[in-house]
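>>> for reference, the sequence and a predicted model appear below.
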Amino acid sequence: MNQRRIVLAAAVFTLAGLITFLVCLPSAFARQDIGLQVQGKLMATEPAPFIDGSRIMVPVREVAGNLGAEVTWDEEKQAVNIVKGEYQITLVIGQTQAVVNGETINLDAAPVIMAEKAMVPVRVLAEGLQVPVSWDSAARVVSLGKSALVAGSSLDFPPFEYKEGNDIVGFEIDLIKAIEEMWGEDIIIKDVSFDRLIPSLRSGEVDLIVSGITITEDRKKVIDFTEPYFVWSEMILSTKGADQDMGLGDLAGQKIAFQLGTTGQELVADLAEKYPDTQLLMFESLEEVWTAVEKGKADAAVISYPPTAHYLKNHPDNNLQMVGQIPSADSTGIAVRKGNQELLDKLNKSLKTLEENGTYDRLWEKWFGSGR
Ligand code: ARG
(Lines give C-alpha, C1' and ligand atoms only; values in the text may rest on other atoms or scores of the structure.)
Protein backbone atom coordinates (compact mmCIF):
# COMPACT_ATOMS: atom_id res chain seq x y z
CA MET A 1 0.00 0.00 0.00
CA ASN A 2 2.68 2.39 1.04
CA GLN A 3 4.69 1.64 -2.04
CA ARG A 4 1.75 2.37 -4.27
CA ARG A 5 1.38 5.80 -2.72
CA ILE A 6 4.98 6.61 -3.45
CA VAL A 7 4.59 5.56 -7.05
CA LEU A 8 1.47 7.70 -7.34
CA ALA A 9 3.17 10.70 -5.79
CA ALA A 10 6.09 10.30 -8.16
CA ALA A 11 3.73 10.15 -11.13
CA VAL A 12 1.93 13.32 -10.00
CA PHE A 13 5.21 15.14 -9.62
CA THR A 14 6.41 14.07 -13.04
CA LEU A 15 3.14 15.19 -14.59
CA ALA A 16 3.28 18.56 -12.82
CA GLY A 17 6.86 19.01 -14.04
CA LEU A 18 5.86 18.15 -17.59
CA ILE A 19 2.97 20.62 -17.55
CA THR A 20 5.21 23.41 -16.19
CA PHE A 21 7.76 22.65 -18.88
CA LEU A 22 5.17 22.76 -21.65
CA VAL A 23 3.60 25.97 -20.38
CA CYS A 24 6.99 27.69 -20.21
CA LEU A 25 8.14 26.40 -23.57
CA PRO A 26 6.51 29.01 -25.85
CA SER A 27 8.02 31.95 -23.96
CA ALA A 28 11.42 30.30 -23.86
CA PHE A 29 11.25 29.99 -27.62
CA ALA A 30 9.96 33.51 -28.14
CA ARG A 31 12.96 34.90 -26.27
CA GLN A 32 15.93 34.34 -28.51
CA ASP A 33 19.46 35.42 -27.79
CA ILE A 34 21.13 37.54 -30.44
CA GLY A 35 24.56 38.97 -31.27
CA LEU A 36 25.65 42.46 -30.29
CA GLN A 37 28.11 44.86 -31.84
CA VAL A 38 29.05 48.18 -30.24
CA GLN A 39 31.07 50.67 -32.26
CA GLY A 40 32.13 48.00 -34.70
CA LYS A 41 33.26 45.48 -32.08
CA LEU A 42 31.39 42.28 -31.28
CA MET A 43 30.65 42.06 -27.58
CA ALA A 44 29.85 39.05 -25.43
CA THR A 45 27.61 40.10 -22.57
CA GLU A 46 26.07 38.23 -19.68
CA PRO A 47 23.09 38.00 -20.08
CA ALA A 48 23.14 38.11 -23.87
CA PRO A 49 20.81 40.58 -25.60
CA PHE A 50 17.57 39.01 -26.64
CA ILE A 51 14.76 39.70 -29.02
CA ASP A 52 11.22 39.40 -27.77
CA GLY A 53 8.76 39.88 -30.58
CA SER A 54 10.11 43.01 -32.25
CA ARG A 55 11.93 44.44 -29.26
CA ILE A 56 15.63 44.06 -28.71
CA MET A 57 16.73 44.18 -25.10
CA VAL A 58 20.37 44.74 -24.10
CA PRO A 59 22.24 44.85 -20.79
CA VAL A 60 22.39 48.58 -20.14
CA ARG A 61 25.57 48.86 -18.10
CA GLU A 62 27.86 47.08 -20.53
CA VAL A 63 26.39 48.59 -23.68
CA ALA A 64 26.08 52.20 -22.48
CA GLY A 65 29.50 51.87 -20.84
CA ASN A 66 31.05 50.84 -24.15
CA LEU A 67 29.39 53.84 -25.78
CA GLY A 68 31.25 56.05 -23.31
CA ALA A 69 28.27 56.77 -21.00
CA GLU A 70 28.25 56.68 -17.22
CA VAL A 71 25.56 54.35 -15.77
CA THR A 72 24.26 54.60 -12.20
CA TRP A 73 21.65 52.57 -10.36
CA ASP A 74 19.15 53.92 -7.83
CA GLU A 75 18.15 50.92 -5.74
CA GLU A 76 15.30 52.67 -3.96
CA LYS A 77 13.63 53.94 -7.13
CA GLN A 78 14.73 50.89 -9.15
CA ALA A 79 15.95 53.40 -11.69
CA VAL A 80 18.84 53.37 -14.16
CA ASN A 81 20.44 56.69 -14.99
CA ILE A 82 22.61 57.02 -18.09
CA VAL A 83 24.67 60.14 -18.73
CA LYS A 84 26.99 61.03 -21.56
CA GLY A 85 27.90 64.70 -21.94
CA GLU A 86 24.63 66.56 -22.44
CA TYR A 87 22.65 63.36 -23.04
CA GLN A 88 20.70 61.84 -20.20
CA ILE A 89 18.28 58.91 -19.94
CA THR A 90 16.35 57.73 -16.89
CA LEU A 91 14.58 54.36 -17.00
CA VAL A 92 12.65 52.57 -14.28
CA ILE A 93 12.40 48.78 -14.06
CA GLY A 94 8.93 47.61 -15.04
CA GLN A 95 7.81 51.01 -16.37
CA THR A 96 7.21 51.91 -19.98
CA GLN A 97 7.63 55.61 -19.35
CA ALA A 98 11.15 57.01 -19.50
CA VAL A 99 12.78 60.42 -19.43
CA VAL A 100 15.04 60.97 -22.41
CA ASN A 101 16.95 64.23 -22.62
CA GLY A 102 14.33 66.05 -20.57
CA GLU A 103 11.27 64.61 -22.31
CA THR A 104 8.97 61.86 -21.09
CA ILE A 105 8.50 59.19 -23.72
CA ASN A 106 6.74 55.82 -23.98
CA LEU A 107 8.81 52.70 -24.51
CA ASP A 108 7.48 49.68 -26.33
CA ALA A 109 8.94 47.43 -23.64
CA ALA A 110 9.66 48.04 -19.99
CA PRO A 111 13.19 47.53 -18.66
CA VAL A 112 13.58 44.25 -16.77
CA ILE A 113 16.11 42.71 -14.43
CA MET A 114 17.77 39.49 -15.57
CA ALA A 115 20.54 37.77 -13.64
CA GLU A 116 20.83 40.95 -11.56
CA LYS A 117 21.43 43.11 -14.64
CA ALA A 118 19.07 45.74 -16.04
CA MET A 119 18.04 44.95 -19.60
CA VAL A 120 16.60 47.87 -21.60
CA PRO A 121 15.22 48.33 -25.12
CA VAL A 122 18.10 49.10 -27.45
CA ARG A 123 16.18 51.85 -29.21
CA VAL A 124 16.00 54.10 -26.18
CA LEU A 125 19.80 53.99 -25.85
CA ALA A 126 20.28 54.82 -29.52
CA GLU A 127 17.84 57.72 -29.38
CA GLY A 128 18.96 59.04 -26.02
CA LEU A 129 22.68 58.91 -26.76
CA GLN A 130 22.20 59.87 -30.41
CA VAL A 131 24.01 56.91 -31.92
CA PRO A 132 22.95 54.94 -35.00
CA VAL A 133 21.39 51.52 -34.50
CA SER A 134 20.93 48.76 -37.07
CA TRP A 135 19.72 45.19 -37.20
CA ASP A 136 21.29 42.53 -39.40
CA SER A 137 18.49 39.99 -39.70
CA ALA A 138 20.62 37.39 -41.50
CA ALA A 139 23.41 37.38 -38.91
CA ARG A 140 20.95 38.25 -36.11
CA VAL A 141 23.24 40.96 -34.78
CA VAL A 142 22.21 44.36 -33.47
CA SER A 143 24.79 47.15 -33.96
CA LEU A 144 25.01 50.36 -32.00
CA GLY A 145 27.22 53.31 -32.80
CA LYS A 146 29.35 53.76 -35.87
CA SER A 147 32.40 51.61 -36.13
CA ALA A 148 35.49 53.17 -34.63
CA LEU A 149 39.07 52.21 -34.00
CA VAL A 150 39.86 51.18 -30.45
CA ALA A 151 43.20 52.10 -28.95
CA GLY A 152 44.28 50.08 -25.93
CA SER A 153 46.20 52.00 -23.29
CA SER A 154 47.27 51.31 -19.72
CA LEU A 155 46.05 54.55 -18.15
CA ASP A 156 48.49 54.54 -15.26
CA PHE A 157 51.29 56.44 -16.92
CA PRO A 158 51.32 60.19 -16.39
CA PRO A 159 52.08 62.36 -18.30
CA PHE A 160 51.67 59.93 -21.23
CA GLU A 161 48.23 58.50 -20.49
CA TYR A 162 46.25 58.73 -17.28
CA LYS A 163 42.89 59.66 -15.82
CA GLU A 164 42.03 63.04 -14.40
CA GLY A 165 38.60 62.59 -12.82
CA ASN A 166 36.53 61.17 -15.67
CA ASP A 167 38.83 62.51 -18.37
CA ILE A 168 41.54 60.54 -20.11
CA VAL A 169 44.51 62.82 -20.70
CA GLY A 170 48.22 62.83 -21.51
CA PHE A 171 50.84 63.38 -24.19
CA GLU A 172 50.01 60.25 -26.15
CA ILE A 173 46.27 60.82 -25.72
CA ASP A 174 46.74 64.24 -27.34
CA LEU A 175 48.72 62.64 -30.16
CA ILE A 176 45.84 60.23 -30.78
CA LYS A 177 43.34 63.08 -30.66
CA ALA A 178 45.37 65.00 -33.23
CA ILE A 179 45.36 61.91 -35.49
CA GLU A 180 41.62 61.46 -34.92
CA GLU A 181 41.06 65.02 -36.02
CA MET A 182 43.19 64.61 -39.13
CA TRP A 183 41.33 61.45 -40.13
CA GLY A 184 37.86 62.68 -39.14
CA GLU A 185 37.35 59.27 -37.51
CA ASP A 186 36.66 58.23 -33.95
CA ILE A 187 39.37 56.49 -31.98
CA ILE A 188 38.14 55.17 -28.65
CA ILE A 189 40.63 54.82 -25.81
CA LYS A 190 40.17 51.63 -23.81
CA ASP A 191 41.89 51.17 -20.46
CA VAL A 192 43.71 47.82 -20.51
CA SER A 193 46.37 46.79 -17.96
CA PHE A 194 49.81 46.83 -19.58
CA ASP A 195 50.37 43.08 -19.47
CA ARG A 196 47.07 42.48 -21.29
CA LEU A 197 47.68 44.95 -24.13
CA ILE A 198 49.47 42.67 -26.57
CA PRO A 199 46.97 39.79 -26.09
CA SER A 200 44.08 42.27 -26.55
CA LEU A 201 45.61 43.57 -29.77
CA ARG A 202 46.14 40.09 -31.11
CA SER A 203 42.61 38.96 -30.26
CA GLY A 204 41.06 41.99 -31.95
CA GLU A 205 39.69 43.52 -28.76
CA VAL A 206 41.71 46.64 -29.59
CA ASP A 207 43.09 47.82 -32.94
CA LEU A 208 46.17 49.65 -31.75
CA ILE A 209 48.28 50.13 -28.64
CA VAL A 210 49.22 53.61 -27.50
CA SER A 211 50.82 53.09 -24.15
CA GLY A 212 54.45 54.16 -24.02
CA ILE A 213 55.20 50.73 -25.38
CA THR A 214 58.86 50.15 -26.19
CA ILE A 215 59.72 48.73 -29.59
CA THR A 216 61.64 45.55 -28.83
CA GLU A 217 62.82 42.72 -31.06
CA ASP A 218 60.75 40.20 -29.09
CA ARG A 219 57.56 42.22 -29.43
CA LYS A 220 58.23 42.80 -33.14
CA LYS A 221 57.82 39.06 -33.64
CA VAL A 222 54.15 39.24 -32.66
CA ILE A 223 53.00 42.82 -33.38
CA ASP A 224 53.98 45.63 -35.75
CA PHE A 225 55.17 49.10 -34.71
CA THR A 226 55.05 52.51 -36.32
CA GLU A 227 58.19 54.59 -36.67
CA PRO A 228 59.43 55.59 -33.20
CA TYR A 229 58.24 58.90 -31.79
CA PHE A 230 59.74 58.91 -28.34
CA VAL A 231 63.14 57.81 -27.05
CA TRP A 232 62.82 55.63 -24.04
CA SER A 233 64.96 54.55 -21.11
CA GLU A 234 64.61 52.86 -17.75
CA MET A 235 65.75 53.94 -14.33
CA ILE A 236 66.49 52.42 -10.96
CA LEU A 237 64.30 53.92 -8.28
CA SER A 238 64.98 53.70 -4.57
CA THR A 239 64.41 55.72 -1.42
CA LYS A 240 66.21 58.92 -0.49
CA GLY A 241 69.55 58.24 1.10
CA ALA A 242 70.17 55.05 -0.90
CA ASP A 243 73.47 54.67 -2.76
CA GLN A 244 73.74 56.65 -5.97
CA ASP A 245 75.05 55.63 -9.37
CA MET A 246 73.67 52.15 -9.18
CA GLY A 247 73.69 49.76 -12.08
CA LEU A 248 71.58 46.66 -12.57
CA GLY A 249 74.37 44.49 -11.13
CA ASP A 250 74.12 46.35 -7.80
CA LEU A 251 70.57 45.04 -7.39
CA ALA A 252 71.66 41.40 -7.22
CA GLY A 253 70.11 39.60 -4.26
CA GLN A 254 67.73 42.46 -3.43
CA LYS A 255 63.94 42.83 -3.56
CA ILE A 256 63.17 44.44 -6.91
CA ALA A 257 59.78 45.76 -8.04
CA PHE A 258 58.59 46.19 -11.63
CA GLN A 259 55.42 46.58 -13.69
CA LEU A 260 54.06 43.35 -15.13
CA GLY A 261 54.76 42.82 -18.83
CA THR A 262 57.12 45.77 -19.24
CA THR A 263 60.69 46.03 -20.45
CA GLY A 264 61.60 46.58 -16.78
CA GLN A 265 60.40 43.03 -16.12
CA GLU A 266 62.75 41.68 -18.80
CA LEU A 267 65.74 43.46 -17.27
CA VAL A 268 64.94 42.22 -13.76
CA ALA A 269 64.25 38.67 -14.99
CA ASP A 270 67.71 38.54 -16.61
CA LEU A 271 69.22 39.68 -13.34
CA ALA A 272 67.34 37.05 -11.34
CA GLU A 273 68.56 34.38 -13.70
CA LYS A 274 72.16 35.38 -13.02
CA TYR A 275 71.64 35.91 -9.30
CA PRO A 276 68.89 33.52 -8.18
CA ASP A 277 68.63 35.00 -4.68
CA THR A 278 67.17 38.19 -6.18
CA GLN A 279 63.50 38.58 -5.20
CA LEU A 280 61.03 39.80 -7.78
CA LEU A 281 57.95 41.83 -6.84
CA MET A 282 55.55 42.39 -9.72
CA PHE A 283 52.72 44.90 -9.83
CA GLU A 284 49.99 45.61 -12.31
CA SER A 285 50.24 49.40 -12.23
CA LEU A 286 53.11 51.83 -12.09
CA GLU A 287 51.72 53.54 -9.01
CA GLU A 288 51.86 50.27 -7.08
CA VAL A 289 55.54 50.00 -7.99
CA TRP A 290 56.27 53.51 -6.68
CA THR A 291 54.38 52.76 -3.47
CA ALA A 292 56.16 49.44 -2.91
CA VAL A 293 59.52 51.23 -3.00
CA GLU A 294 58.37 54.13 -0.88
CA LYS A 295 56.88 51.82 1.77
CA GLY A 296 60.07 49.74 1.85
CA LYS A 297 58.36 46.59 0.53
CA ALA A 298 60.91 46.62 -2.28
CA ASP A 299 64.54 47.77 -2.08
CA ALA A 300 64.39 49.25 -5.55
CA ALA A 301 62.43 49.22 -8.79
CA VAL A 302 63.39 49.04 -12.44
CA ILE A 303 60.90 51.18 -14.32
CA SER A 304 60.35 53.59 -17.19
CA TYR A 305 62.32 56.78 -16.84
CA PRO A 306 59.99 59.48 -18.29
CA PRO A 307 56.82 58.91 -16.22
CA THR A 308 58.77 58.26 -13.03
CA ALA A 309 60.92 61.36 -13.50
CA HIS A 310 57.69 63.31 -14.01
CA TYR A 311 56.23 61.81 -10.85
CA LEU A 312 59.33 62.65 -8.79
CA LYS A 313 59.29 66.22 -10.07
CA ASN A 314 55.65 66.63 -9.02
CA HIS A 315 56.05 64.89 -5.65
CA PRO A 316 59.29 66.33 -4.27
CA ASP A 317 58.24 65.54 -0.71
CA ASN A 318 58.00 61.81 -1.03
CA ASN A 319 60.79 59.50 -0.03
CA LEU A 320 61.80 58.41 -3.54
CA GLN A 321 64.73 59.17 -5.78
CA MET A 322 66.38 57.95 -8.93
CA VAL A 323 69.58 56.11 -8.07
CA GLY A 324 70.63 54.99 -11.52
CA GLN A 325 69.73 55.33 -15.16
CA ILE A 326 69.84 52.36 -17.47
CA PRO A 327 70.97 53.53 -20.88
CA SER A 328 69.09 52.08 -23.81
CA ALA A 329 68.57 52.83 -27.44
CA ASP A 330 64.92 51.85 -27.25
CA SER A 331 62.05 53.94 -28.53
CA THR A 332 58.30 53.99 -28.33
CA GLY A 333 55.86 53.54 -31.18
CA ILE A 334 52.20 52.82 -31.76
CA ALA A 335 51.56 49.09 -32.20
CA VAL A 336 49.11 47.44 -34.59
CA ARG A 337 48.19 43.82 -35.30
CA LYS A 338 50.85 41.96 -37.25
CA GLY A 339 50.26 42.49 -40.94
CA ASN A 340 47.80 45.40 -40.59
CA GLN A 341 49.88 47.33 -43.11
CA GLU A 342 47.08 49.68 -44.09
CA LEU A 343 46.64 51.06 -40.58
CA LEU A 344 50.40 51.11 -40.04
CA ASP A 345 50.99 53.19 -43.19
CA LYS A 346 48.22 55.57 -42.25
CA LEU A 347 49.63 56.06 -38.76
CA ASN A 348 53.19 56.55 -40.00
CA LYS A 349 52.03 59.16 -42.47
CA SER A 350 50.09 61.02 -39.79
CA LEU A 351 52.93 60.91 -37.27
CA LYS A 352 55.18 62.42 -39.92
CA THR A 353 52.67 65.19 -40.59
CA LEU A 354 52.35 65.97 -36.88
CA GLU A 355 56.13 66.21 -36.67
CA GLU A 356 56.35 68.46 -39.74
CA ASN A 357 53.51 70.81 -38.89
CA GLY A 358 54.77 71.52 -35.38
CA THR A 359 51.99 69.71 -33.50
CA TYR A 360 54.42 67.23 -32.00
CA ASP A 361 56.64 70.01 -30.61
CA ARG A 362 53.66 71.90 -29.28
CA LEU A 363 52.40 68.83 -27.42
CA TRP A 364 55.87 68.09 -26.13
CA GLU A 365 56.06 71.59 -24.72
CA LYS A 366 52.59 71.23 -23.18
CA TRP A 367 53.40 67.97 -21.37
CA PHE A 368 57.14 68.09 -20.71
CA GLY A 369 57.71 71.82 -20.31
CA SER A 370 60.94 72.74 -22.04
CA GLY A 371 61.61 72.15 -25.74
CA ARG A 372 63.00 68.81 -26.78
N1 ARG B 1 58.11 51.29 -21.93
C2 ARG B 1 57.82 50.20 -21.10
C3 ARG B 1 57.48 48.97 -21.92
O4 ARG B 1 57.17 49.05 -23.04
C5 ARG B 1 56.72 50.46 -20.11
C6 ARG B 1 55.44 50.99 -20.67
C7 ARG B 1 54.34 50.99 -19.66
N8 ARG B 1 53.20 51.74 -20.15
C9 ARG B 1 52.10 52.04 -19.43
N10 ARG B 1 51.16 52.77 -19.98
N11 ARG B 1 51.98 51.63 -18.22
O12 ARG B 1 57.50 47.88 -21.42
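Happy to help now that I have it.

>>> how about the residues of the stretch 251-372 of the chain by the ligand?
Counting by Cβ under 6 Å from any ligand atom, the positions of the stretch 251-372 of the chain adjacent to the ligand are Thr262, Thr263, Leu286, Ser304. For every residue, glycine as well, the C-beta is placed using N, CA and C.

>>> which of those fall in helices?
Helix and strand membership here follows DSSP state H; of these, those in helices are Thr263, Leu286.

>>> show me which pair in the residues of the stretch 251-372 of the chain next to the ligand is furthest apart.
By the measure Cβ to Cβ, those have their two most distant members at Thr263 and Leu286, which lie 12.8 Å apart.

>>> so what sits against both of those two?
Between them, Thr263 and Leu286 share the neighbouring residues Ser304, with contact defined by Cβ atoms under 8 Å, 6 or more residues apart in numbering.

>>> what ranges of the stretch 101-250 of the chain fall below the confidence cut-off?
By pLDDT under 70, the stretch 101-250 of the chain contains no weakly predicted segment.

>>> same thing but at 80, please
For the stretch 101-250 of the chain, the stretches with pLDDT under 80 are 166.

>>> just to revisit the earlier point, ok, so of the residues of the stretch 251-372 of the chain next to the ligand, who is nearest Glu164?
The closest of those to Glu164 turns out to be Leu286 (Cβ to Cβ; 15.8 Å).

>>> was I right to think the closest one contacts Tyr305?
No: Leu286 is beyond contact range of Tyr305, at 11.9 Å (criterion: Cβ atoms under 8 Å).

>>> between the two, who's got more neighbours?
For Leu286 and Tyr305, the more surrounded residue by other Cβ atoms under 10 Å is Leu286, and the numbers stand at 25 against 18.

>>> which ones are touching the more buried one?
Asp156, Phe157, Gln259, Ile303, Ser304, Pro307, Thr308.

>>> any chance of these in JSON lines, with secondary structure and neighbour count too?
Formatted as JSON lines, the contacts of Leu286 follow (DSSP: H, G, I helix; E, B strand; the rest coil; neighbours: other Cβ atoms under 10 Å):
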{"residue": "Asp156", "secondary structure": "strand", "neighbour count": "22"}
{"residue": "Phe157", "secondary structure": "strand", "neighbour count": "25"}
{"residue": "Gln259", "secondary structure": "strand", "neighbour count": "26"}
{"residue": "Ile303", "secondary structure": "strand", "neighbour count": "28"}
{"residue": "Ser304", "secondary structure": "strand", "neighbour count": "22"}
{"residue": "Pro307", "secondary structure": "helix", "neighbour count": "22"}
{"residue": "Thr308", "secondary structure": "helix", "neighbour count": "23"}
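
>>> between the residues of the stretch 251-372 of the chain next to the ligand, which is nearest Gly358?
Distance ranking of these against Gly358, using Cβ to Cβ, places Ser304 first at 26.4 Å.

>>> show me what contacts the closest one?
Under the contact definition (Cβ under 8 Å, 6+ apart), the residues listed for Ser304 are Phe157, Gly212, Trp232, Ser233, Glu234, Met235, Gln259, Thr262, Thr263, Gly264, Leu286.

>>> let's see it at 7 Å
Ser304 is in contact with Gly212, Trp232, Glu234, Gly264, counting by Cβ atoms under 7 Å, 6 or more residues apart in numbering.

>>> give me the local confidence score for it.
What the model reports as pLDDT for Ser304 is 91.

>>> same deal with the one 5 residues further on?
For Ala309, the model assigns a pLDDT of 91.

>>> give me the residues contacting the helix or strand containing it.
Using DSSP states H and E, Ala309 sits in helix 305-314. Under the criterion Cβ under 7 Å, 6+ apart, residues 157-160, 233-235, 237, 286, 290, 320-322, 325 lie in contact with helix 305-314.

>>> how far away is the nearest residue to Arg140 once chain neighbours are set aside from Asn319?
Spatial nearest neighbour of Arg140, chain neighbours left out: Ile34 (4.8 Å); criterion: Cβ to Cβ, 6 or more residues apart in numbering. Between Ile34 and Asn319 the distance is 55 Å, computed by Cβ to Cβ, to the nearest Å.

>>> these two: who's more crowded?
Ile34 (18 against 13).

>>> quick check: the more buried one touching Val142?
Yes: counting by Cβ atoms under 7 Å, a contact exists between Ile34 and Val142, whose distance comes to 6.2 Å.

>>> picking up where we left off before, need the contact list for the residue nearest to Arg140.
Contacts for Ile34 were tallied using Cβ under 7 Å, 6+ apart; they are Pro49, Phe50, Ile51, Ile56, Arg140, Val141, Val142.

>>> repeat that for 10 Å
With contacts defined as Cβ atoms under 10 Å, 6 or more residues apart in numbering, the neighbours of Ile34 are 48-51, 56-58, 135-137, 139-142.
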